[in-house]
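>>> pasting a predicted model and its sequence here:
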Amino acid sequence: MSSRVRPFARAIALAAVLAVAAAPAAQAKVIEQHLGGATAHTPIVGSDQHLPPLAATTPYMIDPSVGAKIVAWRKSGGYAADITGTVVRARNYLDRWLTKRCGRDASPARVRKCRAMLVADIDDTLVSWYSYYANTDAHWTANAAAEKKVMEACGTPAITPSVNLLRYAKGRGVAIVLITGRSQGHRSFTASCVKKLGVNGYRDLVMRSPAQSKTTAARYKSQARRTLVRAGWKIALSLGDQVSDMSGGYADAGFLLPNPMYLIP
């Protein structure tokens, strides 16, 4: 959250890419992105979510003047259609992946034996910060102290399609690991909150150590996945709202959920 995002003016550029943000839900679509560079070996399936350029390398929080466009997009049903479409693609992909990698009779026992795994981010992947940022007090600005209070109170509602995907994967025998940019100091209330919102039975909750506080999200998360792969796990997919949740390899695919509010490279 705010520890990685520095707000500054991007209103003009973001207004251009959000110009169609209030389009009817029927126009929402899911596209497959083959990005270059660090993501070359991890195809990313994501919603046409009107983000700034995905190659951006500078963290940002949107300018408050653009917030109304995001509210309109949400009210239009565009967000719901985008996120549902992406999660449906992720579930279908997972089913195919399990048949291919774990055998046609991919029973839960067999899936566990072949060490299949799904990794997921938390913020704006499993829990939503939209209501917080859209309210009058926050008004689309980052505030570390205020955000910590929201996390401590579990004030971020569940993103139901994502939570249901994790439940489905777990039911199929897939191991779940949560890899979040939150710091170790947030572990107790983070673990309590995700359990309260229905995310149970995950194998591990990976959080930033003090030594990783200045590591980019892309590097920190790819290193976490590398550790899992080297331990013998096969990561079918990474689910997140940032390209940095899935760039850098060590996952067979990435599924990118819509989040035009901020960018964390």
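Right, received. Where do you want to start?

>>> what sits against Trp140?
Applying CB atoms under 8 Å, 6 or more residues apart in numbering to Trp140 gives the contacts Met61, Ile62, Asp63, Pro64, Val66, Gly67, Tyr133, Ala134, Met261. For glycine as for every other residue, the C-beta is placed from the backbone atoms N, C-alpha and C.

>>> what does the second one show for phi and psi?
Read that as Ile62. Note on Ile62: backbone dihedrals following degrees, to the nearest 10 are phi -60, psi 150.

>>> how many residues are close by it?
Neighbours of Ile62 under the rule other CB atoms under 10 Å: 26.

>>> can you give me the distance of it to Asp137?
17 Å (CB to CB, to the nearest Å).

>>> what segments of the stretch 151-265 of the chain are strands?
Counting by DSSP state E, counting those that start in this stretch, the stretch 151-265 of the chain has strands at residues 175-183, 204-208, 234-240, 254-256, 262-263.

>>> out of these, nearest to Arg104?
Closest to Arg104 of these is strand 234-240 (CB to CB; 16.3 Å).

>>> tell me which residue of this structure is furthest from the middle?
Largest separation from the mean C-alpha position in the chain: Asp105, at 30.0 Å (CA atoms, centre = their mean).

>>> can you tell me the helix or strand for that residue?
Per DSSP states H and E, Asp105 falls between elements, in no helix or strand.

>>> which parts of the helix or strand hosting Ala81 are buried?
Taking DSSP H and E as the criterion, the element that holds Ala81 is helix 78-102. Buried residues in helix 78-102, counted by 16 or more other CB atoms under 10 Å: 78-79, 81-87, 89-91, 93-94, 97-98, 102.

>>> just the helices in this structure please.
Using DSSP state H, the helices of the chain run over 11-17, 67-76, 78-102, 108-113, 130-134, 144-152, 160-171, 187-196, 217-230.

>>> mind putting those helices in CSV, distance to Gly249 included?
As requested, those are exported to CSV (distance: least, CB to CB, whole Å):
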stretch, distance to Gly249
helix 11-17, 27
helix 67-76, 31
helix 78-102, 16
helix 108-113, 22
helix 130-134, 30
helix 144-152, 30
helix 160-171, 21
helix 187-196, 26
helix 217-230, 6
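
>>> nearest to Asp245 among these would be which one?
Using CB to CB, the nearest of the helices of the chain to Asp245 is helix 217-230, at 6.0 Å.

>>> skipping adjacent residues, who's closest to Thr190 in space?
Closest residue to Thr190 apart from its sequence neighbours, by CB to CB, 6 or more residues apart in numbering: Arg182 at 5.7 Å.

>>> count of neighbours near the one you found?
Using other CB under 10 Å, Arg182 is surrounded by 21 other residues.

>>> one more: Cys193?
21.

>>> who's in contact with it?
With CB under 8 Å, 6+ apart, Cys193 has these contacts: Val127, Met151, Cys154, Thr156.

>>> now with 6 Å?
With contacts defined as CB atoms under 6 Å, 6 or more residues apart in numbering, Cys193 is in contact with Cys154.
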